[in-house]
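1. 3D, please:
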Amino acid sequence: MKENLLELAIHTWMRAESIETAIRRIAPLGYKSLEISGEPERHDTTDIRRLLQEHSIRCFGTVTLMLGERNLLAADSGQRARSVRYVKDCITMVHELGGEEISIVPGTVGKITPDSTPDKEWQWAVDTLKEIYDHGLKSGVKLGIEPINRFETYFINRGDQAIALAEAVGPECGVCLDIFHMNLEETDVHDAIRRAGDRLVDFHVADNNRFAPGMGHFDWVAIVATLKEIGYDGPLSVEFCPPVDRTPADPHPDAIDTDPPDISPEQKKYLEEHGSSMISETFYTSLVETSAKTLLPLL
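-> As a prediction, the model looks like this:
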């Protein structure tokens with residue numbers, strides 16, 4: 001077990017900005033690590049490694065951005081092969097940054113209708129993930145299969161499903177749980193954490209409304225206690241994606257970014273579908289700070 005049982009991390013996909021900007025924001029707030037967005041073609045690992053060292057921040061891993069045609073269980077074999085190549089490239093990026101984990105959503109996020117029968121799609125998922133798993137073992141990067149809610153995928157929604165898929169892939173294949181999605185899909189989130197046990201390699205956090213931890217009704221004391229109970233020694237990775245209020249009832253009038261930075265059309269679409277708009281730097285910074293204030297005293 002690591003010297004420090006738990007640490008605070010944050011994803012970088014929620015706001016389109018440079019990694020340097022992200023690092024400079026979190027370094028004074030008690031964050032210890034980053035999960036860098038799954039965009040290997042956009043990241044210079046040599047520069048990022050230097051920035052991480054300068055600010056005593058580490059790269060824990062990455063999360064796949066399963067956008068567009070990325071789908072490990074697609075009916076088209078060529079599409080599956082391209083998706084495998086993408087995930088392998090993400091693993092290589094993590095390896096070059098000294099990280100240790102990749103969270104994988106197997107299907108396209110936002111796709112809620114299947115391509116084929118359950119048996120065929122299961123086999124496609126197992127076969128593609130086994131290839132990715134072998135690449136991860138060689139690179140020293142753990143896989144964490146992540147369930148997300150039924151409104152974003154039809155395939156893996158619950159922890160038990162992710163565990164079954166991980167068991168089919170390999171003995172060192174893990175799962176990644178996200179408390180926001182668990183709140184929608186699990187009967188008891190604490191029991192789901194316990195069942196994941198030693199396979200839990202990453203834990204994503206946002207509040208029940210997908211705002212920053214502390215801005216909803218989750219019992220963070222109880223959640224962290226359950227993670228400690230099972231001996232989880234990974235990060236709590238902050239991954240908020242707050243919905244933007246477009247009505248006069250808006251309690252956060254500074255939330256919308258009126259001058260968004262240059263981002264890919266796919267990422268813009270993803271952010272708009274999850275939160276309805278890009279959020280401003282001021283509002284984003286407040287969410288990063290609130291997350292730290294809520295969680296750090298519990299770690």
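2. only C-alpha atoms for contact and neighbour calcs from this point on.
-> Will do.
3. Quick one: residues contacting the residue lying closest to Asp257 once chain neighbours are set aside.
-> Nearest residue to Asp257 in three dimensions, chain neighbours excluded: Ser280, at 4.0 Å (CA to CA, 6 or more residues apart in numbering). Residues in contact with Ser280 (CA atoms under 8 Å, 6 or more residues apart in numbering) are 254-258, 260.
4. Next, format those as CSV and append neighbour count, secondary structure and distance to Thr46.
-> CSV is the format used below for the contacts of Ser280 (neighbours: other CA atoms under 10 Å; DSSP: H, G, I helix; E, B strand; the rest coil; distance: CA to CA, whole Å):
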residue, neighbour count, secondary structure, distance to Thr46
Asp254, 14, coil, 35
Ala255, 20, coil, 33
Ile256, 20, strand, 33
Asp257, 15, coil, 30
Thr258, 11, coil, 32
Pro260, 16, coil, 27
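5. What residues of stretch 87-106 count as buried?
-> The neighbour-count check on stretch 87-106 (16 or more other CA atoms under 10 Å) flags 87-106 as buried.
6. And the pLDDT for Asp262?
-> Asp262 is assigned a pLDDT of 63 by the prediction.
7. So Asp202, which state does it fall into?
-> On the three-state scheme (DSSP: H, G, I helix; E, B strand; the rest coil), Asp202 is labelled strand.
8. Wait, it touches Ile179, no?
-> No - using CA atoms under 8 Å, Asp202 makes no contact with Ile179, being 11.1 Å away.
9. Tell me the spacing between Ala192 and Glu239.
-> 19 Å (CA to CA, to the nearest Å).
10. out of these two, which sits in the busier spot?
-> Glu239 (27 against 16; other CA atoms under 10 Å).
11. and the more buried one, what is it in contact with?
-> Glu239 sits next to 10-11, 14, 204-206, 212 when contact means CA under 8 Å, 6+ apart.
12. ok, those residues vs Val221, which is closest?
-> Set against Val221, the nearest of the contacts of Glu239 by CA to CA is Val205 (13.0 Å).
13. Backbone torsions only: list them for the closest residue to the closest one other than its chain neighbours.
-> The shortest distance from Val205 to any non-neighbouring residue, by CA to CA, 6+ apart, is to Val238 (4.9 Å). Val238 adopts backbone torsions of phi -70, psi 130, taken as degrees, to the nearest 10.
14. Quick check: pLDDT value at Val238.
-> 98.
15. so where's the chain shaky on pLDDT?
-> Within the chain, the stretches with pLDDT under 70 are 1-5, 259-277.
16. neighbour-wise, which of the contacts of Glu239 leads?
-> That'd be Ile10 among the contacts of Glu239, by other CA under 10 Å, with 28 neighbours.
17. got a list of what His55 touches?
-> Contacts of His55 were listed using CA under 8 Å, 6+ apart, and they are 23-24, 27.
18. please redo it, this time with the cut-off set to 10 Å
-> Contact analysis of His55 by CA atoms under 10 Å, 6 or more residues apart in numbering lists 20, 23-24, 26-28, 32.
19. how much space between it and Met66?
-> Applying CA to CA to His55 and Met66 gives a distance of 30 Å.
20. any idea how far the helix ranked longest in the chain is from the chain center?
-> Longest helix in the chain by number of residues, with DSSP state H as the criterion: helix 118-139. Distance, stretch centre to chain centre, for helix 118-139: 19 Å (CA atoms, centre = their mean, to the nearest Å).
21. Spatially central residue for the chain, please.
-> The residue lying closest to the centre of the chain (CA atoms, centre = their mean) is Val63, at 4.7 Å.
22. The closest residue to it other than its chain neighbours: what secondary structure?
-> Nearest residue to Val63 in three dimensions, chain neighbours excluded: Ser103, at 4.6 Å (CA to CA, 6+ apart). Put simply, Ser103 is strand when judged by three-state DSSP.
23. Cheers, nothing more for now.
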